Each structure stands twice: as structure tokens, then as C-alpha cells.
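*Asks:* model this:
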Amino acid sequence: MAELISKYNLLALPVVDGENCLLGVVTVDDVVDLLLPPASRRKRRKM
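*Replies:* Model (predicted):
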């Protein structure tokens, strides 16, 4: 998902099941939080 968000400069991507029913949304902030080390996440949230 990170590749798609980066490649197309997206802010969010839908998450769907096998029948294309919406299950949720992954935002660019969700991806950044997963990629950053824990110390960086704490600093980023304070801003």
C-alpha cells in the first residue's frame, strides 16, 4: 500500500473485501506511522 500511496501521491486508499464492500480506509498518516521508528512517531504527534 505504501508504494501505491507514494506512486500516485494519494492521501488515502480504500480497503475492500472480495465482494468490493468497503472495510475501511488507510491514510498516508497510517503508513508513515508504520514506517517511522517509535521515537520519531512520538515527536511527530506533538506537532
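*Asks:* could you use CA atoms for every contact and neighbour count after this?
*Replies:* Will do.
*Asks:* strands of the chain, residue ranges please.
*Replies:* 12-16, 22-27 (DSSP state E).
*Asks:* how about the ones you listed in CSV, adding mean pLDDT and distance to P38?
*Replies:* CSV is the format used below for the strands of the chain (pLDDT from 0 to 100; distance: least, CA to CA, whole Å):
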stretch, mean pLDDT, distance to P38
strand 12-16, 96, 22
strand 22-27, 96, 18
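*Asks:* now these as JSON lines including mean neighbour count?
*Replies:* Output for the strands of the chain, formatted as JSON lines (neighbours: other CA atoms under 10 Å):
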{"stretch": "strand 12-16", "mean neighbour count": "14"}
{"stretch": "strand 22-27", "mean neighbour count": "12"}
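*Asks:* so which of the ones you listed gets nearest P37?
*Replies:* Evaluated with CA to CA, those place strand 22-27 nearest to P37, the distance being 17.9 Å.
*Asks:* right, and I5 touches L11 too?
*Replies:* Yes: with contact defined as CA atoms under 8 Å, I5 reaches L11; the gap is 6.9 Å.
*Asks:* anything in contact with each of those two?
*Replies:* Common contacts of I5 and L11, defined by CA atoms under 8 Å, 6 or more residues apart in numbering, comprise V28.
*Asks:* which of these two has more neighbours?
*Replies:* Using other CA atoms under 10 Å as the criterion, I5 and L11 rank with I5 on top: 16 against 11.
*Asks:* OK, contacts around that one?
*Replies:* Contacts for I5 (CA under 8 Å, 6+ apart) come out as L11, A12, L13, V28.
*Asks:* nearest to N20 among those?
*Replies:* Nearest member of those to N20, counting by CA to CA, is L13, at 13.2 Å.
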